[in-house]
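Novice: take this sequence and fold it.
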Amino acid sequence: MRLAALAFAALASWATALPGAADPLRPEQKDAVEQLIRNTIAEHPEIVIDALKAAQAKSDAETAANVSKAIAARHDQLFADPASPVGGNPKGDVTIVEFFDYRCPYCKEFEPSLEALLEKDRGIRIVYKEFPILGPASVYAAHVALAARAQGKYDEFHRAMMAVRGTIDEDVVRRTAIACGIDMKTLDGMIDAAEIDRIIKANFALAESLDIDGTPAFVVGDHVLPGVPDTGALQKLVAEIRKGG
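Specialist: Just a heads-up that it's a prediction; the model follows:
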């Protein structure tokens with residue numbers, strides 16, 4: 001009660017110093033109030049800690065609400081765009097959307113865990129969003145991947161590229177495509193198609209709308225998970241969505 005009274009008295013005193021107040025504080029009164037606040041914080045530092053926690057919780061809640069609204073507004077683009085490749089179980093009851101780059105080491109780091117999750121939980125559908133943010137070689141790889149889809153080779157090429165370690169350039173991308181049995185002449189005729197450019201540009205716009213600026217990033221339900229997620233937490237989120245949570 002004493003602490004609350006002190007805080008109230010301090011705030012009330014500050015209020016009289018605001019523009020338009022009838023009786024602004026005199027200098028000595030202002031000094032007294034400032035000293036009172038300093039002393040109170042020194043004696044009870046938890047006030048600041050609690051205030052910071054409350055502010056962070058409010059900010060997190062507002063951010064989560066905004067993200068949820070953004071996902072809802074772009075639901076079909078995220079989860080039901082026929083231009084986006086689909087893996088896992090195409091008829092799964094829970095969808096994970098992944099924004100990734102073939103040159104991203106963190107994407108590659110998480111790939112085995114993601115593949116294991118898809119193998120373990122056959123009810124998961126995954127939507128791949130090519131998001132080549134790491135330079136021209138990344139853009140080229142994304143174009144090859146989307147062009148390979150016409151030959152039914154997207155999944156194979158995707159897994160092969162995710163398994164590549166070390167430097168990735170156009171030559172590495174092409175050798176990987178050849179190793180996957182992709183007809184390069186056919187692919188070369190499609191790689192610069194306007195539709196592929198449209199898909200990638202749409203992915204960039206979608207990522208921007210969700211404040212996604214790095215890879216990997218995942219959208220699950222009404223949540224955006226930036227970076228490499230904890231596998232257990234991801235499984236828990238999938239279970240919650242499946243239960244309607």
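Novice: mind listing what residue 127 touches?
Specialist: For residue 127, the contacting residues are 78-79, 81, 84-86, 95-98, by Cβ atoms under 8 Å, 6 or more residues apart in numbering. C-beta here means a position set from N, CA and C on the backbone, and glycine is covered the same way.
Novice: and residue 125, by the same measure?
Specialist: Going by Cβ under 8 Å, 6+ apart, the list of residues near residue 125 reads 86-96.
Novice: mind running it again at 7 Å?
Specialist: By Cβ atoms under 7 Å, 6 or more residues apart in numbering, the contact set of residue 125 is 86, 88-90, 92, 94-95.
Novice: would you list those in TSV and tack on pLDDT?
Specialist: Shown next, in TSV, are the contacts of residue 125 (pLDDT from 0 to 100):
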residue	pLDDT
86	97
88	95
89	96
90	95
92	95
94	96
95	97
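Novice: nearest to residue 170 among the residues you listed?
Specialist: residue 86 (26.6 Å; Cβ to Cβ).
Novice: quick one: that closest one from residue 153, how far?
Specialist: Using Cβ to Cβ, to the nearest Å, we find residue 86 at a distance of 15 Å from residue 153.
Novice: report the buried residues of stretch 103-114.
Specialist: Using 16 or more other Cβ atoms under 10 Å as the test for burial, stretch 103-114 gives 103-104, 107-108, 110-111, 114.
Novice: go ahead and confirm residue 110 touches residue 228.
Specialist: Yes. In this structure, residue 110 is within contact of residue 228 by Cβ atoms under 7 Å, at 4.8 Å.
Novice: which residues do those two both contact?
Specialist: Shared contacts of residue 110 and residue 228, defined by Cβ under 7 Å, 6+ apart, are found at residue 216.
Novice: grab the nearest non-local neighbour of the residue most central in space within the chain.
Specialist: By Cα atoms, centre = their mean, the mean C-alpha position of the chain lies nearest to residue 226, the distance being 3.4 Å. The shortest distance from residue 226 to any non-neighbouring residue, by Cβ to Cβ, 6 or more residues apart in numbering, is to residue 217 (4.9 Å).
Novice: from the contacts of residue 125, list the buried ones, please.
Specialist: 86, 88-89, 92, 94-95.
Novice: what's the farthest-apart pair in those residues?
Specialist: The largest separation in the buried ones among the contacts of residue 125, counting by Cβ to Cβ, is between 86 and 94 at 13.1 Å.
Novice: now stretch 135-155, how far from the chain's geometric center?
Specialist: Offset of stretch 135-155 from its chain centre (Cα atoms, centre = their mean, to the nearest Å): 22 Å.
Novice: ditto for stretch 148-164
Specialist: Centre-to-centre, stretch 148-164 and its host chain are 24 Å apart (Cα atoms, centre = their mean).
Novice: do stretch 180-196 as well
Specialist: Using Cα atoms, centre = their mean, the offset of stretch 180-196 from its chain centre is 30 Å.
Novice: CA atoms only for it, dumped as PDB, please.
Specialist: The C-alpha trace of stretch 180-196 is given here as PDB (Å, rounded to 0.1, in the frame of the first residue of the first chain):
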ATOM      1  CA  CYS A 180      18.800 -35.600 -60.400                       C
ATOM      2  CA  GLY A 181      18.100 -36.600 -63.900                       C
ATOM      3  CA  ILE A 182      16.700 -33.200 -65.000                       C
ATOM      4  CA  ASP A 183      16.600 -32.600 -68.700                       C
ATOM      5  CA  MET A 184      18.700 -29.500 -68.900                       C
ATOM      6  CA  LYS A 185      17.600 -28.500 -72.400                       C
ATOM      7  CA  THR A 186      14.000 -28.500 -71.300                       C
ATOM      8  CA  LEU A 187      14.900 -26.700 -68.100                       C
ATOM      9  CA  ASP A 188      16.900 -24.000 -69.900                       C
ATOM     10  CA  GLY A 189      13.900 -23.200 -72.000                       C
ATOM     11  CA  MET A 190      11.800 -22.600 -68.900                       C
ATOM     12  CA  ILE A 191      14.200 -21.100 -66.300                       C
ATOM     13  CA  ASP A 192      13.600 -17.500 -67.300                       C
ATOM     14  CA  ALA A 193       9.900 -17.900 -67.600                       C
ATOM     15  CA  ALA A 194       7.900 -14.900 -66.500                       C
ATOM     16  CA  GLU A 195       5.800 -17.100 -64.300                       C
ATOM     17  CA  ILE A 196       8.800 -18.200 -62.200                       C
END
